[in-house]
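**Student:** Need a 3D model of the sequence below.
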Amino acid sequence: MYRIFGPGLNRTCQGATRRDLLQVGAIGGLGFTLADVLAAPAAAAAGTAPPEINCIFLFLWGGPPQHELWDPKPEAPSNIAGPVKPIETAVSGIRIGEMLPRMARVMHHTVLVRSAHHDSDIHGNGAHHNQTGMPKNPNFENPSMGAVVDRFLGPRGAMPTFVTVGPYMVDAPVPNTGQDGGFLGSSHQPFRILDPLAPLDKQPSLAPAPGITVERLQRRDQLRAGMDTLQRRIETDATRGFDTAHARALSLTTSPAAKQAFDLEKEPSRVRERYGKSGFGQGCLLARRLIEGGARYVQVNWADHPINNYGFDNHGDNLGRLKIQLPNFDLACSALIEDLVQRGLWDRTLLIVTGEFGRTPKINGSGGRDHWPYVYSYLIGGAGIPGGRVIGASDAEGAYPASTPVTPEMRAASVFSLMGLDVGFRLRAANVVADARGIPGLLTEA
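**Tutor:** Next comes the predicted model:
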């Protein structure tokens, strides 16, 4: 049983058991593929339910500038428009920054939201708000949207429900909370792949310690299982979280079929090259493999710090930094969209691309743009959403919403609703959504 603690909620719910998570541990030598094993429950329900929607969440830590990416303002004064010119896209009338030529070619698949906003210019607060769909609360930590999906939908076989690819994001003095299970508990924290460039046998989350065989791991697990009765008498949220994490890690470590999804070496070199050689590019490719293999929610992080390692916090030399950042992003994100479309995954995969906020309308004295949460843009698509559209608009300077303001709460409601969760009652009762309306017009063909 997973006991959930949160404001206004104190109940128990039956979740996936350790036995459920370990049952597929021996299928690797029987000739089944990863898709065969993990798609079986869905196949059993074929014809009785709509296809399940999964989510890939690309988080551009640091706050990318809306003027240079998704919402150019060429008619504004030069200290607002900046040096990056707009280009036409595959959709007549929609223009984006010239440093995203590949994204321009796939814009007919996606929707641009140009009127996103919240009220905190602090990295940690904005990141929490965008990752959880809830404003940061000083008294408790809200769960990531991926943790909510894990709690209410659960895993498919040995695959984790919620995976984060890329570094854990940090900043000071306000930590970037909202990346984990929050008040839902450590049982719902993500399975982490910190470095997608590392080979499979060097991934600590997937490989036994040196000198420890799979058989030895299994014997250890049998001994640990024998102590369950004692543990249950003294368990806390931390011990329950460890138990769940241990079971999931063991199931992956001992399941060759499940581990295939994490192995980028299975991809042809031309595919890996199409995504780009950056950690973010290979992380996007891994996200596609994980969704294809049975994960429900995969978050890919751009960098570990807002400024360091070319996080998007471009307070100075915005143009120079974008010349390094955007080619990697353009290659990776466009490859992911094309790949999902070609492999028949687009209509059942929701893609979100956002940072924690946008940048100031005016370029500062250092040639950069500063924090600006009052309007920013992001991309959303897939999951049956009609593409080739823009929702909302910013004003002439790209400073405030001019129409259809959209909050992180509204986006979270759309995500959960598209994934089949009840945002009107069940998630509101669990205090993990605050606005059930969703993004206005998201599913409406223009």
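
**Student:** Give me the distance between Ile363 and Glu68.
**Tutor:** Going from Ile363 to Glu68 by CB to CB, to the nearest Å gives 10 Å. (Glycine included, C-beta is placed from N, CA and C.)

**Student:** between the two, what contacts are shared?
**Tutor:** Gly82, Asn318 (CB atoms under 8 Å, 6 or more residues apart in numbering).

**Student:** ok, those two, which is more surrounded?
**Tutor:** Glu68 (27 against 21; other CB atoms under 10 Å).

**Student:** Doesn't the more buried one belong to a strand?
**Tutor:** No: Glu68 is assigned coil when assessed by DSSP: H, G, I helix; E, B strand; the rest coil, not a strand.

**Student:** ok, it - contacts?
**Tutor:** Gly82, Val84, Gly97, Met99, Asn318, Leu322, Leu326.

**Student:** Let me know the closest of the residues you listed to Asp180.
**Tutor:** Of all these, Leu326 has the smallest distance to Asp180: 29.3 Å, by CB to CB.

**Student:** if I pick the closest one, what's in contact with it?
**Tutor:** Leu326 sits in contact with Glu68, Leu69, Gly97, Met99, Leu100, where contact means CB under 8 Å, 6+ apart.

**Student:** and the longest helix for this protein?
**Tutor:** helix 318-342 (DSSP state H).

**Student:** now the very next helix or strand once past that one: mean pLDDT?
**Tutor:** Per DSSP states H and E, the first helix or strand lying C-terminal to helix 318-342 is strand 349-354. For strand 349-354, mean pLDDT rounds to 98.

**Student:** List the buried residues of strand 349-354.
**Tutor:** Within strand 349-354, the residues that count as buried by 16 or more other CB atoms under 10 Å are Thr349, Leu350, Leu351, Ile352, Val353, Thr354.

**Student:** next one: that strand to chain centre, how far?
**Tutor:** 7 Å (CA atoms, centre = their mean, to the nearest Å).

**Student:** Put the alpha carbons of that strand into PDB.
**Tutor:** The C-alpha coordinates for strand 349-354 follow below in PDB (Å, rounded to 0.1, in the frame of the first residue of the first chain):
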ATOM      1  CA  THR A 349       2.700  11.300 -27.200                       C
ATOM      2  CA  LEU A 350       2.200  14.800 -25.800                       C
ATOM      3  CA  LEU A 351       5.300  17.000 -26.200                       C
ATOM      4  CA  ILE A 352       5.900  20.100 -24.100                       C
ATOM      5  CA  VAL A 353       8.900  22.400 -24.500                       C
ATOM      6  CA  THR A 354       9.300  25.100 -22.000                       C
END
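
**Student:** That one packs against which elements?
**Tutor:** Strand 349-354 makes packing contacts with strand 54-59, helix 318-342, strand 376-382, helix 408-418 when contacts are defined by 3 or more CB pairs under 8 Å, 6 or more residues apart in numbering; DSSP states H and E.

**Student:** and these as CSV, adding distance to Leu285 and mean pLDDT?
**Tutor:** Converted to CSV, these look like this (distance: least, CB to CB, whole Å; pLDDT from 0 to 100):
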stretch, distance to Leu285, mean pLDDT
strand 54-59, 11, 98
helix 318-342, 7, 98
strand 376-382, 16, 98
helix 408-418, 22, 98
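
**Student:** Val165 reaches Val298, doesn't it?
**Tutor:** Yes: between Val165 and Val298 there is a contact at 6.4 Å, judged by CB atoms under 8 Å.

**Student:** who touches both of these two?
**Tutor:** With CB under 8 Å, 6+ apart as the test, Val165 and Val298 both reach Leu286, Ala287, Leu290.

**Student:** Could you single out the nearest of those residues to Pro408?
**Tutor:** Within those, the smallest distance to Pro408 is 20.9 Å, found for Ala287 (CB to CB).

**Student:** Brilliant, that's me finished.
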